[in-house]
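# Show me the folded form of this:
(4 chains)
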Number of protein chains: 2
Amino acid sequence: MSGRLDRIDLKILRLLQNNGRLSNAELAASVAISPATCHRRTQRLFEDGFIAAVRAMVAPKKVAKGTLVMVGVVLDRSTPESFATFEQAIAKLKFVLDCHLVAGDFDYFLKIRVGDMEDFNRIHGEQLIALPGVRQTRTFFVMKEVVDNAPLEF
Amino acid sequence: MSGRLDRIDLKILRLLQNNGRLSNAELAASVAISPATCHRRTQRLFEDGFIAAVRAMVAPKKVAKGTLVMVGVVLDRSTPESFATFEQAIAKLKFVLDCHLVAGDFDYFLKIRVGDMEDFNRIHGEQLIALPGVRQTRTFFVMKEVVDNAPLEF
DNA sequence: TCTCCAAGTGAAAGATTCTTCCATGTCCGG
DNA sequence: CCGGACATGGAAGAATCTTTCACTTGGAGA
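This is a model prediction of the structure:
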């Protein structure tokens, strides 16, 4: 069922992870099976949820989103209601790439993309600290993106 | 730069970001232009680097990488050589999804995917604290992934 | 061992799509 | 008004997709 992946499935997954626009014919040739079989396998990988989505990775700098910021957030209270309200509000902020509830000195970690620092300052003042239940935020400007969104190894 | 993108280009980018396997014919129909024109436009978006890559997003839980961890790293010394050595070593660790040089209480922020906490503990002890020049690390286990790797808004 | 069944496989073929070529249309600067 | 650079869509051969079907394989049970 959805549990087992043989070597061919794994190879298909890895190839599609590196180039999601590979044609079925190219995939089939790369894994040395017929196009028909490859088509069926790939279809199953999608249907069974092994591939959540195929996404074109738009170059951030090309669309004026070249500035990356990490933000640690501490809430006033650590109640389930407080968390739920915060998460609901975060989901509407489209510049938030990641939002994770963590264990440690912060309640949440955010990963945010904006055009520049000025852009971030406005967003921080108008939207971040205005989020429900936020006690404080700590901003970490990214000065260099060493690795960003690397493909998953498995 | 990005001023060269008209509404049709932007629409193509957004559509491919949501579904990187859209066929040229489907794209053309969605943006109301001919397949030939759509093909040329899309090709240009790739050639000019607006689309860095197209990736199948493999579901982490399906391939035993369901545990996410954020790690803050402080180095012994803040010299260019120290940074360069660290970054060179990080690039070889395939479980590191993000590695960013930041301004603030840490030198680097890492985003890591592993199978489980036990998995992380081994990696932390064997590989992370063994990285060159690391003074200390602070681990933030992710308890809930509210938003992970959301598509870029532009 | 033999039989049967389920699952996987590849050849084949019609439908669809890709990709290129070319004539036409549009926008500006001269 | 003209001319050139560029963008557009139609058309058509080449390539690909997607389904069908018959065959092979592997394992469970008699």
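# hey, let's count contacts and neighbours off CA atoms from now on
OK.
# The longest strand anywhere in chain A vs chain B: in contact?
Ordering each strand of chain A by length in residues (DSSP state E) puts strand A:134-147 first. Yes. Using C-alpha under 8 Å from any C-alpha of the partner chain, strand A:134-147 reaches chain B at A:139-147.
# How much space separates the closest residue to residue A:46 other than its chain neighbours from residue A:31?
Leaving aside its chain neighbours, residue A:46 sits nearest to residue A:52 (7.3 Å; criterion: C-alpha to C-alpha, 6 or more residues apart in numbering or on different chains). Look at residue A:52 and residue A:31: by C-alpha to C-alpha, to the nearest Å, they are 21 Å apart.
# Run through the residues of chain A sitting next to DNA strand D.
Taking C-alpha under 7 Å from any atom of the strand as the contact definition, chain A meets DNA strand D at A:23-26, A:35-36, A:39-40.
# Could you identify the most distant pair in these?
A:26 and A:40 (14.3 Å; C-alpha to C-alpha).
# and the residue nearest to residue A:46, how many residues sit next to it?
Here the number of neighbours of residue A:52 (other C-alpha atoms under 10 Å in any protein chain shown) works out to 16.
# That one contacts residue B:58, doesn't it?
Yes. Under the contact definition of C-alpha atoms under 8 Å, residue A:52 touches residue B:58, with a separation of 5.9 Å.
# Mind jotting down where the helices sit in chain A?
For chain A, the helices defined by DSSP state H cover A:7-18, A:24-31, A:35-47, A:80-90, A:117-123.
# List just the one of those that sits closest to residue A:65.
Here helix A:117-123 is closest among the helices of chain A (C-alpha to C-alpha), at 9.8 Å.
# Return the set of buried residues in the closest one.
Neighbour-count burial for helix A:117-123, counted by 16 or more other C-alpha atoms under 10 Å in any protein chain shown, picks out residue A:120.
# what do you get for stretch A:84-99?
A:86-87, A:90, A:95-99.
# Kindly report the same for stretch A:100-111.
So, applying 16+ other C-alpha under 10 Å, buried residues of stretch A:100-111: A:100-103, A:106-111.
# so what's the residue lying farthest from the centre of chain A closest to, chain neighbours aside?
Distance from the C-alpha centroid of chain A, by C-alpha atoms, centre = their mean, peaks at residue A:34 (33.3 Å). Closest residue to residue A:34 apart from its sequence neighbours, by C-alpha to C-alpha, 6+ apart: residue A:28 at 5.7 Å.
# Strands - which of the buried residues of stretch A:100-111 land there?
Among the buried residues of stretch A:100-111, DSSP E puts A:100-102, A:108-111 in strands.
# Pull the most distant pair out of those residues.
Farthest apart among these by C-alpha to C-alpha are A:102 and A:111. That separation is 13.2 Å.
# one step back: test my guess that the residue farthest from the centre of chain A contacts residue A:24.
No. Using C-alpha under 8 Å, residue A:34 makes no contact with residue A:24, being 9.6 Å away.
# can you tell me if stretch A:90-107 touches chain B.
Yes. Counting by C-alpha under 8 Å from any C-alpha, chain B has neighbours in stretch A:90-107: A:91, A:94-104.
# Nearest to residue B:79, out of the residues you listed: which one, please.
residue A:104 (28.2 Å).
# if we can go back for a sec, could the buried residues of stretch A:100-111 go into TSV alongside distance to DNA strand C and pLDDT?
Below are those laid out as TSV (distance: C-alpha to the nearest atom of the strand, whole Å; pLDDT from 0 to 100):
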residue	distance to DNA strand C	pLDDT
A:100	36	98
A:101	38	98
A:102	39	98
A:103	41	97
A:106	45	98
A:107	44	98
A:108	41	98
A:109	39	98
A:110	37	98
A:111	34	98
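# Could you report the distance from the residue farthest from the centre of chain A to chain B?
The gap separating residue A:34 from chain B is 20 Å, by C-alpha to the nearest C-alpha, to the nearest Å.
# Share the number of residues neighbouring the residue nearest to residue A:73 when sequence neighbours are not counted, please.
Nearest residue to residue A:73, sequence neighbours excluded (C-alpha to C-alpha, 6+ apart): residue A:137, at 4.5 Å. If you count neighbours by other C-alpha under 10 Å, residue A:137 ends up with 18.
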